[in-house]
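>>> Turn this into a model:
(one chain, ligands or ions: 1)
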Amino acid sequence: MSDNITIAISKGRIFNEALPLLAALNIRPKMDPDVTRKLILATNQRNIKLIIVRATDVPTYVEYGAADMGIAGKDVLMEYTGNGVYEPLDLQIARCKMVLAAPKESKKVNGRLRVATKYVNTTRNYFADLGRQVEIIKLYGSMELAPVLGLADQIVDLVDTGNTLKANGLVPVATIAEISSRLIVNKAAMKMKHELIKPMLRELAAVVNRS
Ligand code: AMP
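Predicted coordinates:
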């Protein structure tokens, strides 16, 4: 059995907030992904490396075993339609909310509500649970623009401080989910490498509970 562990993670807020957790396990990347163009980062631990991937790709790398573990936002995991990964630990980092937001001066909607989002599956499930049929418009970013330009009536997006919504004349009308990043583990790796992975999970859980 290989004693190597590969951890998939995205650059930016998740990486930055995961660094102290990894450091508490004495895992320290040798390079900063904002500086290097390398996508495979060695760490001070001979057998542990980090791979830098798009946030939405983290579950894919982990499901197929290209990475043994990953750190992914709950928003990404809710939207993911793959065959499954273990999600043993809420790391309580990169916290925010997924909300439904509407223009402050709401206009009357004739016909079906049009909702713009990059979270198509989550939005569909949310409205299906409410028994409402809506038209979902897939966007890849800058969702806040859609109601301003009349592309959609409302949006589903992540909100942290609320500044982006406010700057675009939007207000939250419902919270769809509380979001934080989760540790995910490949199902086969959890069995085959459990002597390596189990202690890491235990230590990480202790660090998360302490902070
Ligand atoms: P804010 O203006 O602080 O409410 O941040 C909202 C913007 O940041 C939106 O464009 C969100 O998509 C993005 N955002 C907020 N929190 C997160 C997060 N935890 N992960 C990724 N994007 C986020």
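>>> Now do the SS call for the nearest residue to Ser211 once chain neighbours are set aside.
Leaving aside its chain neighbours, Ser211 sits nearest to Gln92 (7.5 Å; criterion: CB to CB, 6 or more residues apart in numbering). The way it works is simple: take the backbone N, C-alpha and C, and place the C-beta from them, glycine included. Classification of Gln92 using DSSP: H, G, I helix; E, B strand; the rest coil returns coil.
>>> List the buried residues for the longest helix anywhere in the chain?
For the chain, the helix that runs over the most residues, judged by DSSP state H, is helix 194-210. Going by neighbour count (16 or more other CB atoms under 10 Å), the buried part of helix 194-210 is 196-197, 200-201, 204, 207-208.
>>> what does stretch 79-86 give?
In stretch 79-86, counting by 16+ other CB under 10 Å, buried: 79-80, 85-86.
>>> quick one: which of these is nearest to Val115?
Comparing the buried residues of stretch 79-86 against Val115 with CB to CB places Glu79 closest, at 14.4 Å.
>>> Show me what whichever helix or strand Gly70 is part of is packed against.
Assigned by DSSP states H and E, Gly70 falls within strand 69-73. Here strand 69-73 touches strand 5-9, helix 13-24, helix 58-63, strand 181-185, going by 3 or more CB pairs under 8 Å, 6 or more residues apart in numbering; DSSP states H and E.
>>> Check which strands are paired with the last one and give the direction for each one.
It stands for strand 181-185. Sheet pairing for strand 181-185, assigned by DSSP bridges, gives strand 69-73 (antiparallel), strand 86-90 (antiparallel).
>>> and the helix or strand that that strand is followed by, what's its mean pLDDT?
From strand 181-185 onward toward the C-terminus, using DSSP H and E, the following helix or strand is helix 187-192. Averaged across helix 187-192, pLDDT comes to 97.
>>> now helix 187-192: how far from the chain's centre is it?
22 Å (CA atoms, centre = their mean, to the nearest Å).
>>> Tell me how the chain divides into domains.
5-94+180-210, 96-178 (automatic domain parsing).
>>> End to end on the last one, go ahead and measure it.
Taking CA to CA, to the nearest Å as the measure, domain 96-178 stretches 6 Å from start to finish.
>>> what about the residue lying closest to Asn168 once chain neighbours are set aside, how many neighbours?
If the residues on either side of it in the chain are set aside, Asn168 comes closest to Glu144, at 4.0 Å by CB to CB, 6+ apart. Applying other CB atoms under 10 Å, we find 19 residues neighbouring Glu144.
>>> The one 10 residues further on too?
The number of residues packed around Gln154, counting by other CB under 10 Å, is 24.
>>> try Gly131
Using other CB under 10 Å, the number of residues around Gly131 comes to 6.
>>> So it versus Asp34, what's the distance?
Computed as CB to CB, to the nearest Å, the Gly131 to Asp34 distance reads 45 Å.
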